[in-house]
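[1] Generate a structure from the sequence data that follows.
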Amino acid sequence: MNMHKHTKHAIIGMGKTGISIAHFLLHQGQMCKAFDEKLKSIPSTLSLPFVPGKLNADSLLDFDAVWVSPGICWSHPALQAARDAGIPVQGDLALFAEHCHTPIIAITGTNGKTTTTQTAQVLMETLPGGCDMGGNIGMPMLDLLKEHVMPSRVVLELSSFQLERCNFIHPRWAVLLNIQPDHADMHANEDDYRAAKLRIFEHQSQGDTAMLPMHIEWNNLHHDLMQRGVGVHRFGHVREDNPHAEGLAAGIMEHHNHAKLFWHQDGHRQCIDCEDIPVRGLHQHINLAVAAQAAADFGVSYHVIREALTSFRGLPHRLRLLGHIANHEWFDDSKATNPAAAEAALNAFKQVIWICGGLRKDLDLSTLKNTVKEHVSHALVIGSDQDAYIELLQQSGVSYDVAGTVKKAVIMASKNKSMLPVLLSPAAASQDQFANYAERGKAFATAIAELSEVHS
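    Model (predicted):
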């Protein structure tokens with residue numbers, strides 16, 4: 001939108017993103033007013049009016065623009081009233097896209113965004129002019145615009161909430177990693193969730209690149225993008241003798257139970273044996289392959305990509321090995337807040353002791369039944385929403401105990417005589433017992449450290 005000094009802006013939600021929006025707009029000399037239904041105050045560094053408490057439907061009707069943080073429900077009656085009145089209602093991504101004049105590499109999906117984003121940024125940082133990273137990760141994206149010299153490119157991890165709140169974004173390179181059931185509590189339905197994700201491609205055109213999963217459900221989108229002149233890559237997991245193998249730009253290729261990570265560069269397929277990559281799990285290897293393709297498309301050399309992937313040991317709380325203690329290996333996959341993420345982690349093992357449970361968010365656990373039956377030797381259930389996990393384990397024919405807390409689950413797992421790996425991959429959100437998945441993962445690590453002291 002075109003802003004002048006008399007434009008009046010409302011900022012809804014004064015967490016990290018809202019504060020970033022306020023700083024940006026105030027720096028532009030704009031008139032702003034902040035609202036938050038949970039907070040009673042805002043940082044003293046922000047010089048603008050603040051209204052705490054319930055947001056009424058008519059509160060926003062005197063403003064020219066409304067900026068909404070990702071954590072605020074998009075269907076809030078006050079936001080709907082503003083939209084009905086013709087007032088633009090958007091998020092920080094819209095502001096960033098309007099004021100960023102450097103190529104954007106945009107990454108979205110239900111699972112795997114952070115691993116892919118961070119790996120792509122590390123690889124592209126080696127290019128002349130460097131590469132910044134923001135969005136749903138690390139620094140709020142508008143804070144990147146404070147720098148006196150913008151980098152030559154920026155990688156954005158984008159959530160469905162950020163994309164939903166943006167009327168226009170034009171990434172030079174964009175990828176959809178996957179769409180799996182999640183965030184049912186924040187979107188009206190799965191169709192709205194899917195539509196939000198696909199907005200990442202809405203304004204791509206001649207000369208841009210899009211990357212899509214190999215599944216047939218994305219064939220129509222592939223065709224539509226090509227009709228606009230967009231170059232389309234496909235990625236996935238395939239056997240070498242599969243007739244679709246030659247059409248994939250990146251992914252994992254198997255031949256006689258030997259797996260290789262691959263991407264295309266300078267007209268050739270480049271490969272790394274998956275055994276040479278320290279990080280575990282097919283899903284993580286696919287994320288790395290996508291990041292490698294992004295880096296190659298922007299000119300990062302094969303040798304830099306190979307060195308980075310063969311030294312990458314994974315991000316915290318994403319299937320990360322914490323050590324070998326009390327005759328067990330312990331893996332922290334606390335980031336697995338939905339069934340699809342937990343399924344990917346379980347498939348990385350032959351057999352495990354599984355720590356599961358938490359805040360289910362009404363997600364369907366039945367999709368895990370076969371995977372649990374095949375890969376789980378024994379389970380320990382934690383969290384407040386235990387019944388659904390117990391039912392899943394009973395239907396899968398897997399023995400279990402109710403631990404309740406992460407600490408008790410670690411103690412109980414340590415006494416299991418099987419010597420199998422122990423995997424925290426909850427298939428649930430964490431807010432029933434923790435502030436976020438990272439805090440849950442830290443509690444897991446702390447409990448293991450205490451266990452180590454006992455067994456040392």
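[2] Could you use CA atoms for every contact and neighbour count after this?
    Fine.
[3] how's the protein carved up into domains?
    If you go by automatic domain parsing, the domain ranges for the chain are 8-90, 98-309, 320-455.
[4] Residue ranges in this structure under the pLDDT threshold?
    1-5, 147-148, 181-188, 455-456 (pLDDT under 70).
[5] that older thread, the domains of the chain into a markdown table, with extra columns for mean neighbour count?
    Below are the domains of the chain laid out as a markdown table (neighbours: other Cα atoms under 10 Å):
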| stretch | mean neighbour count |
| --- | --- |
| domain 8-90 | 17 |
| domain 98-309 | 19 |
| domain 320-455 | 20 |
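[6] contact partners of the strand or helix carrying Q270?
    In this structure, Q270 sits in strand 268-273 according to DSSP states H and E. The contact list for strand 268-273 (Cα atoms under 8 Å, 6 or more residues apart in numbering) reads A259, K260, L261, F262, W263, H264, Y302, R306.
[7] Could you verify that the fifth one is part of a strand?
    Same thing as W263. Yes. Counting by DSSP: H, G, I helix; E, B strand; the rest coil, W263 is part of a strand.
[8] does it really touch A289, like I thought?
    Yes. Contact criterion Cα atoms under 8 Å: W263 and A289 qualify, at 6.1 Å.
[9] The residue nearest to the spatial centre of the chain and I179: what is the separation?
    In the chain, the residue lying closest to the centroid (Cα atoms, centre = their mean) is K113, at 3.7 Å. Using Cα to Cα, to the nearest Å, we find K113 at a distance of 11 Å from I179.
[10] Can you dump the C-alpha atoms of the longest helix along the chain in PDB for me?
    Secondary structure of the chain per DSSP state H: the longest helix is helix 437-455. Output in PDB follows, covering the C-alpha atoms of helix 437-455 (Å, rounded to 0.1, in the frame of the first residue of the first chain):
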ATOM      1  CA  TYR A 437       8.500 -27.400  21.900                       C
ATOM      2  CA  ALA A 438      12.000 -26.100  22.600                       C
ATOM      3  CA  GLU A 439      11.300 -26.000  26.300                       C
ATOM      4  CA  ARG A 440      10.000 -29.600  26.100                       C
ATOM      5  CA  GLY A 441      13.200 -30.600  24.400                       C
ATOM      6  CA  LYS A 442      15.300 -28.900  27.000                       C
ATOM      7  CA  ALA A 443      13.400 -30.700  29.700                       C
ATOM      8  CA  PHE A 444      14.200 -34.000  28.000                       C
ATOM      9  CA  ALA A 445      17.900 -33.100  27.700                       C
ATOM     10  CA  THR A 446      18.000 -32.100  31.400                       C
ATOM     11  CA  ALA A 447      16.400 -35.300  32.500                       C
ATOM     12  CA  ILE A 448      18.900 -37.300  30.400                       C
ATOM     13  CA  ALA A 449      21.800 -35.300  32.000                       C
ATOM     14  CA  GLU A 450      20.500 -36.100  35.400                       C
ATOM     15  CA  LEU A 451      20.300 -39.700  34.400                       C
ATOM     16  CA  SER A 452      23.900 -39.500  33.200                       C
ATOM     17  CA  GLU A 453      25.100 -38.400  36.600                       C
ATOM     18  CA  VAL A 454      23.400 -41.400  38.200                       C
ATOM     19  CA  HIS A 455      25.000 -43.800  35.800                       C
END
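[11] what separates the strand holding Q270 from the chain centre, distance-wise?
    Distance of strand 268-273 from the chain centroid (Cα atoms, centre = their mean, to the nearest Å) equals 26 Å.
[12] Give me the helices and strands touching the helix or strand following that strand, please.
    Moving toward the C-terminus from strand 268-273, the next helix or strand (DSSP H and E) is helix 282-297. The criterion is 3 or more Cα pairs under 8 Å, 6 or more residues apart in numbering; DSSP states H and E, and the helices and strands that helix 282-297 contacts are helix 113-124, strand 231-239, strand 250-255, strand 258-265, helix 302-309, helix 339-346.
[13] Name every strand pairing with the third one and say which way it goes.
    Okay, so that is strand 250-255. strand 231-239 (parallel), strand 258-265 (antiparallel) (DSSP bridges).
[14] The last one vs helix 302-309, what angle?
    Spelled out, it's strand 258-265. Relative orientation of strand 258-265 and helix 302-309, computed by axes from the mean of the first three to the mean of the last three Cα atoms, to 10 degrees: 140 degrees.
[15] which residues touch strand 258-265?
    Strand 258-265 is contacted from outside by 249-254, 269-275, 285-286, 289-290, 292-293, 296-297, 302, using Cα under 8 Å, 6+ apart.
[16] now that strand: how far from the chain's centre is it?
    Remark: strand 258-265 is offset 23 Å from the chain centroid, using Cα atoms, centre = their mean.
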